[in-house]
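requesting a structural model of the entry that follows:
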Amino acid sequence: MAELPFGFTVRVPESWYEFDVWRAGRTGDLARLVDARVATAPDLAPHRAVLLKVLREVAGLAARHGAVFSAAMTDHVQDAGTVLATLMVLHTKGRADPEGNTVEAIASGVVAVPRAPGTPAWRRVEIVEVDAGRAVRVTGVETGEIDAVVMQTLVPVPGGHGVLDLVLTSPHLSLAEPMLDLFDAISATLAWSDPRGE
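Have a look, this model is predicted:
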């Protein structure tokens, strides 16, 4: 994997859990995160075990995908249960030819899928502006082992250092539109920083 010449920042709502992917699987960070949240919101106490289980599953998935950052939403909504969403930030080398890592080249390599009767699957591809610059936005519903609302924002790393990919997902297809609005707001905050995160 190419080294990032500097860091990045991305903001998620305060209710989300943010965690270091490497530490999540090797320390008690996730338990401490949940305990801190329960301390400020005691009504979550009966859900502690479930919250911790979900976060461990998200952390495991993020680790398997090589994510450099991850966050999760596990908001409890009355009459709807727990609403889940996840964020993973991936960094890839991209293509060997730097010309293949431009926004236009990345967009041309992703196939759009129109909405069609009989399947929830669809995919839209567009070029957008986020705080970090021009990016490829891939939005839709992906079907497979688990159907999910998905938004990917792919940003070329300045200086030819690969591509950063923000992947936001939620299994709640019935909430697709509000989820995509939320994902758009989170993705728009992606910005570059120096290695100290300043």
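
how far is the helix or strand encompassing residue 35 from where the chain is centred?
Element membership for residue 35, per DSSP states H and E: helix 29-40. Centroid displacement of helix 29-40 relative to its chain, using CA atoms, centre = their mean, to the nearest Å, is 21 Å.

and that helix, which residues are buried?
29-30, 33-34, 37-38 (16 or more other CB atoms under 10 Å). Every residue, glycine included, has its C-beta placed from N, CA and C.

residues making contact with it?
If you take CB atoms under 8 Å, 6 or more residues apart in numbering as the criterion, helix 29-40 is touched by 17, 19-20, 23-24, 44-45, 48, 51-52, 55-56, 59.

let's go with 6 Å and repeat that
Residues outside helix 29-40 that contact it (CB atoms under 6 Å, 6 or more residues apart in numbering) are 17, 19, 23-24, 44-45, 48, 51-52, 55.

need those in TSV (columns: secondary structure).
Converted to TSV, the contacts of helix 29-40 look like this (DSSP: H, G, I helix; E, B strand; the rest coil):
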residue	secondary structure
17	strand
19	strand
23	helix
24	helix
44	helix
45	helix
48	helix
51	helix
52	helix
55	helix
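
hmm, which two among the residues you listed are most spread apart?
23 and 45 (24.4 Å; CB to CB).

next, the contact list for residue 76, please.
With contact set as CB under 6 Å, 6+ apart, residue 76 has these partners: residue 82.

again, 10 Å this time
15, 41, 43-44, 46-47, 50-51, 82-83 (CB atoms under 10 Å, 6 or more residues apart in numbering).

starting at the chain centroid, how far to the helix or strand hosting it?
Residue 76 belongs to strand 69-77 when elements are defined using DSSP H and E. Relative to the mean C-alpha coordinate of its chain, strand 69-77 is positioned 11 Å out (CA atoms, centre = their mean).

mean confidence for the helix or strand just after it?
Reading on from strand 69-77 to the C-terminus, the next helix or strand found by DSSP H and E is strand 81-92. Along strand 81-92, the predicted local confidence has a mean pLDDT of 88.

buried ones in strand 81-92?
Within strand 81-92, the residues that qualify as buried by neighbour count (16+ other CB under 10 Å) are 83-91.

quick one: that strand to strand 69-77, angle?
Between the axis of strand 81-92 and that of strand 69-77 there is an angle of 170 degrees, by axes from the mean of the first three to the mean of the last three CA atoms, to 10 degrees.

and strand 81-92, what does it pack against?
Of the remaining helices and strands, those touching strand 81-92 by 3 or more CB pairs under 10 Å, 6 or more residues apart in numbering; DSSP states H and E are helix 48-64, strand 69-77, strand 148-156, strand 163-170, helix 176-187.
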